[in-house]
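Visitor: Using only what follows, build the 3D model:
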Amino acid sequence: MTTKILSLLFIVFTCFAFGQEVTIKGTVTDQASGQPLPGVNVLVKSTSKGASTDFDGNFEIKNVEINSVLVFTYIGYQNQEVVVKNGDVLSVVLVEDTESLDEVVVIGYGSQKKRDITGAVSIVSAKTLDEIKPIKVEQALQGTVSGVNVTTQSGAPGAGLDIRIRGISTNGANGPLVIIDGYQGDLSVLNPNDIETITVLKDAQAAIYGTVGANGVVLITTKSGKKNSKTTVSYNTYTGFQETSRTLPLLNASEYALLLNESYAAGGQALPFPNISGLGAGTDWQGEVFNTAVPIISHDFNVSGGSDKITYAFSGSHLYQQGIIAPNKSDFRRNTARISLGADISDKIRVKANAIYTYIDRDAINDNGLGSVLFNALNAPSTLNAFDTNGQPSLFPNTPGLGIEIINPIAQIQNTYNDFDLRKLNGTVSLEYDVVNNVTLTSRIGFNTTNSEGKVFNKEIDYGGKVFDVPRSSVSQNAVNDNDYSLDIFGTYENLFADTHNVGFTVGTTIYKQFGNGLFATGFDVPNNSWDFADIALALGTSDARDVGSYAYDERRLSFFARAQYDYKGKYLFSAMVRRDLSTRFGPENRVAYFPSVTAGWIVSDEGFFEDISAINLMKFRVSYGILGNDQIGNNGYVSLLNGEGAYVFDDTLVLGQAIGALPNPDLQWEEAKKFNVGLDMGLFNNRVDITADYFINTRDNLLITNIPVSGITGVFAPGSGSPTVNAGKVENRGFEFAIGYRDNISDDFSFGINYNVTTLRNEVLEVNNSTGFLEGGSFGVGQLAPSRMEAGQPIGFFYGLQTDGIFQNQAEVDAHPSQLDLGAAAAPGDIRFKDLNGDGNIDANDRTSLGDPIPDVTMGLNLNFKYKGFDFVAYTFASIGNDMVRNYERTLTDVNRLNYVLDRWTGEGTSNTVPRVTTAATTNNVFSDYFVEDASYIRIQNVQLGYTLPVKFTEKFSLSKVRVYGGVNNLYTFTKYRGFDPGASSGAPIGGGIDFGFYPVPRTYLIGLNLNF
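Guide: Modelled structure (predicted):
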């Protein structure tokens, strides 16, 4: 009886204990510093009830049952569980997670603590992305990662960017491999706010990717939910206004007329402006085409959370940006939707799925090159009116001095019609299975499917006898479908023996397939000569040539890889990798190649003799060497394809047929990247100071050179034909990288951080094995020799032309100098004097030499951040030193407008030794020379942002855990002596990329934004 009574009392008290609810208050602090931790998630286990700590580390949760378990989670710290015994105030101390402290890094088919990394690896965090607010992900790498240079092809909305990791190594594709959550992807489809980390593999560490890792690897990890965390919702938005970051100092109408009169007088012609009074400033054509207060707007939200078994994250975003030129004809819209799910099916089986849908809508104008809007705006005379008396864009005269290329840029904008739409779905599904202890098997499928449609309408228009006249309207449309998928199956084994020997093995296989097709068609005589009726189905006419075309492709790779990792006592580190790749881009005899690599490290600070050196927390030496492959060339280069044009006469009738296209090369083989790196990592003064230094030598051998010059008797100049692709070159990049960062909490209210990185680079072509010993590229002016080359002993894409030696001051100097007549005209006083470098007493094309190159010798980044109470401030800067650029946006016709530096021209003996005379007579002053090559070194303040986070005690009244408002400026200012719009721009071409036809400037953007966390 007594036993039954005691049991009953126990049940009653137990029920009472579980049923009693209390309010729990407490403080969470850091074990190492004792400082409070804001933003710690506190969740009542197995419920959705919880809270986050405020700025002082305090939290409060109401109606918590006794004996409930509170779960404390915070990034970088070990999870902690506390049982609620009563309503007493809790004091919880979180311990830093050693693995997180050392930063777990994704390295390809696995991850590794940064402490154990033996390769050259750099990381960009979500925090950095949030501070920079890049429109495109690539922009976040500029100045934040040593050894990485990002160049813009144009500042127009949606324009492409080029990433170069440790220089330009080939005359072909130089962009890095992009891996998104384990699958080969595309940075342009990502919303930067969806990214958790960006990891850049710069050396042999990337060898695990073998065939496509030669140019480096960018690994993207997107955001996902965290286990045992309550549902969090974040909403971020910003709006801004854009303007041009630069205008060029052109001549106004009065200056232009005076200069043109002088030019005509020097040429013995009648003055075009007998009376210049009243001309004034004239038309500012840059002001006509550039717009101010051009809008940009962004919205995105994210929902994430997780339980013991399930994690989830959902996000959506919308970005809309108009162009600073022709806002209604040039814009970019990107919408994304993303889902990330993870589930523990059992103690041994886990599944993950990530999918991203992207919709891109881009309208564009002709924004680069001869005939672009800016090119016309820079060359249009300021004496011409923008509009005629009827309010329509004026027609430019068709005169010899103005030529037939320059048209009114306003009319050009009005008559530009095009549209491009892209829809892309990509993602990955993976399954992990713990087969036995220490052995995990992973299977992962990655996929990309892209559908795009494009339409261009050429309106029937007469510009007054210009080359841009369109006598017959037409509409061109295309539909393209591109797909790829990958299947990865790999197993990992990890174990620790005798508490000292840590080993790991990874073996697996990858299958990768690309396939797709495209269809193109053109129709003529569009009804009503209107964009509203611009459709193939409505076009009424055809041309005499073929108006349709199509293509299809199917390329595959099959790979096997293995990696072994070993460390002894955590201080002697070693890894070795090998990958076997097969690519259908090569013939049967050369499809298979092997790519090995080895890396090693020594953590010196773990040695006994370092125990008394308290200032150094970490010192690690690294060394790596590996061979990686590259097959990034066109498809089917080893076989003949009937994609050329053939014309035959049958029964006195011309019949169009097919002929062999580009000549084949059955001996094509893999391009090889041989990468050597030695590095040092250090942490000083309780890890407040981080130092990383690397020296690298990257040699690219067996370069896959397309369209290599061969004899014309082979038929390469036939319509649709071309030269073959050949392994015929070798390039070396070597340099030094150094990065140092300092961060410290000065007080409870103030924290500070500064990061600096610098990279030196020396690029040299070692071999060009063709009949000439060099390759040419780029263009300058009209009808001139190619201004850029790839040649042994020089940087790839160096500028090649005549070297100047001042200005002829009098006829005696002209008579004493070798003749320049072979350049096209006899020299006269006031003309540029060229050097006779070969000493043959005559100036001609044989006197050309190296004039510089577009590859910077040094790049640097300096980034600052500080926080004071609720305020935060960041500033990001980037510098490029030693890069040259060719000024090619000035038309050489006599009547075009010019930059005001020509006001310092030669007007008589002793007046100028830098700028030649002006004249309508024939001269050699426009022959390509170092007169047109400028130092394009620059320092750019990329981002400045000031924010304020409202106190938690205020925001929690509205059920908000964080409210932050901020303002910022992107592309604030560029310090440079270069005369053009953007010293950091490039067409992306390895040979000829630094030739400036009037690059569309990257806009300066003023932003105001809001971050909300629920």
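Visitor: what's the burial count for residue 305?
Guide: 21 (other CB atoms under 10 Å). C-beta coordinates here come from the backbone N, C-alpha and C atoms, glycine included.
Visitor: contacting residues around it?
Guide: Taking CB atoms under 8 Å, 6 or more residues apart in numbering, we find residue 305 in contact with 225-226, 229-232, 311-312.
Visitor: What segments of the stretch 51-200 of the chain are strands?
Guide: 58-65, 69-73, 80-83, 90-94, 104-106, 111-113, 121-125, 148-152, 161-165, 177-180, 183-184, 195-201 (DSSP state E, counting those that start in this stretch).
Visitor: Which strands and helices lie in contact with the shortest one?
Guide: If contacts are counted by 3 or more CB pairs under 8 Å, 6 or more residues apart in numbering; DSSP states H and E, strand 183-184 sits against strand 416-436, strand 439-458, strand 474-497.
Visitor: what does that strand contact?
Guide: By CB under 8 Å, 6+ apart, strand 183-184 touches 177-178, 212, 426-428, 444, 446-448, 484, 486, 512.
Visitor: now, among those residues, which is nearest to residue 751?
Guide: Nearest to residue 751 among the contacts of strand 183-184, counting by CB to CB, is residue 178 at 33.2 Å.
Visitor: Tell me the bridge partners for that closest one.
Guide: residue 218 (DSSP bridges).
Visitor: That one: how many residues sit nearby?
Guide: When counting by other CB under 10 Å, one arrives at 21 neighbours for residue 178.
Visitor: ok, now the one 4 residues further on?
Guide: Burial measure for residue 182: 24 neighbouring residues, criterion other CB under 10 Å.
Visitor: any low-confidence regions in the stretch 301-450 of the chain?
Guide: Along the stretch 301-450 of the chain, segments meeting pLDDT under 70 are nowhere present.
Visitor: Can you list the residue ranges for strands in it?
Guide: Ranges of strands within the stretch 301-450 of the chain are 310-322, 331-344, 349-363, 416-436, 439-458, based on DSSP E, counting those that start in this stretch.
Visitor: okay, these in TSV with mean neighbour count next?
Guide: Converted to TSV, the strands of the stretch 301-450 of the chain look like this (neighbours: other CB atoms under 10 Å):
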stretch	mean neighbour count
strand 310-322	19
strand 331-344	19
strand 349-363	18
strand 416-436	17
strand 439-458	18
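Visitor: between those strands, which one is nearest to residue 751?
Guide: strand 310-322 (28.3 Å).
Visitor: State the phi and psi torsions of the closest residue to residue 844 other than its chain neighbours.
Guide: Leaving aside its chain neighbours, residue 844 sits nearest to residue 822 (4.1 Å; criterion: CB to CB, 6 or more residues apart in numbering). Backbone torsions for residue 822, taken as degrees, to the nearest 10, come to phi -70, psi -10.
Visitor: so residue 822 sits right up against residue 847, yeah?
Guide: No - applying CB atoms under 8 Å as the test, residue 822 and residue 847 come out as separate, 9.7 Å apart.
Visitor: who's more crowded, these two?
Guide: residue 847 (22 against 14).
Visitor: Restricting to C-alpha, output stretch 875-883 in PDB.
Guide: Extracted in PDB, the C-alpha atoms of stretch 875-883 (Å, rounded to 0.1, in the frame of the first residue of the first chain):
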ATOM      1  CA  ALA A 875      34.900  50.800 -47.500                       C
ATOM      2  CA  TYR A 876      36.400  48.700 -50.200                       C
ATOM      3  CA  THR A 877      39.100  49.900 -52.600                       C
ATOM      4  CA  PHE A 878      41.000  48.300 -55.400                       C
ATOM      5  CA  ALA A 879      44.200  49.300 -57.300                       C
ATOM      6  CA  SER A 880      45.700  48.100 -60.600                       C
ATOM      7  CA  ILE A 881      49.200  49.200 -61.500                       C
ATOM      8  CA  GLY A 882      51.100  48.700 -64.700                       C
ATOM      9  CA  ASN A 883      48.300  47.900 -67.100                       C
END
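Visitor: picking that back up, which of the strands of the stretch 51-200 of the chain has the lowest average pLDDT?
Guide: Sorting the strands of the stretch 51-200 of the chain by mean pLDDT places strand 104-106 lowest, at a mean of 80.
Visitor: from the chain's centre, how far out does it sit?
Guide: In terms of CA atoms, centre = their mean, to the nearest Å, the centre of strand 104-106 is set 22 Å apart from its chain centre.
Visitor: Just the buried positions in that strand, please.
Guide: By neighbour count on 16 or more other CB atoms under 10 Å, the buried set for strand 104-106 is 105-106.
Visitor: With stretch 927-940 instead?
Guide: For stretch 927-940, a neighbour-count test (16+ other CB under 10 Å) marks 927-934, 936-940 as buried.
Visitor: and these, which of them are in strands?
Guide: 933-934, 938-940 (DSSP state E).
Visitor: ok, those vs residue 575, which is closest?
Guide: residue 940 (37.7 Å).
Visitor: check contacts around the closest one.
Guide: Applying CB under 8 Å, 6+ apart to residue 940 gives the contacts 877-879, 971, 973-975, 984.
Visitor: Keep only those of these that are in helices.
Guide: Assigned to helices by DSSP state H, none of these qualify.
Visitor: Just the buried ones among the residues you listed, please.
Guide: Buried members of the contacts of residue 940, counted by 16+ other CB under 10 Å: 877-879, 971, 974, 984.
Visitor: out of those, what pair is the most spread apart?
Guide: Within these, two members stand farthest from each other by CB to CB: 879 and 971, at 14.3 Å.
Visitor: got the contact list for the residue nearest the centre of the chain?
Guide: Nearest residue to the geometric centre of the chain (CA atoms, centre = their mean): residue 138, 3.3 Å. With contact taken as CB under 8 Å, 6+ apart, residue 138 is in contact with 150, 161, 163, 187.
Visitor: For the residue nearest to residue 844, report the pLDDT, please.
Guide: 95.
Visitor: distance of it from residue 834?
Guide: For residue 822, the distance to residue 834 (CB to CB, to the nearest Å) stands at 11 Å.
Visitor: Could you name every residue contacting both of these two?
Guide: Common contacts of residue 822 and residue 834 (CB under 8 Å, 6+ apart): residue 843.
Visitor: before we move on, back to that, want to throw the strands of the stretch 51-200 of the chain into JSON lines with distance to residue 706?
Guide: Shown next, in JSON lines, are those (distance: least, CB to CB, whole Å):
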{"stretch": "strand 58-65", "distance to residue 706": "62"}
{"stretch": "strand 69-73", "distance to residue 706": "53"}
{"stretch": "strand 80-83", "distance to residue 706": "59"}
{"stretch": "strand 90-94", "distance to residue 706": "57"}
{"stretch": "strand 104-106", "distance to residue 706": "33"}
{"stretch": "strand 111-113", "distance to residue 706": "37"}
{"stretch": "strand 121-125", "distance to residue 706": "31"}
{"stretch": "strand 148-152", "distance to residue 706": "21"}
{"stretch": "strand 161-165", "distance to residue 706": "18"}
{"stretch": "strand 177-180", "distance to residue 706": "20"}
{"stretch": "strand 183-184", "distance to residue 706": "22"}
{"stretch": "strand 195-201", "distance to residue 706": "27"}
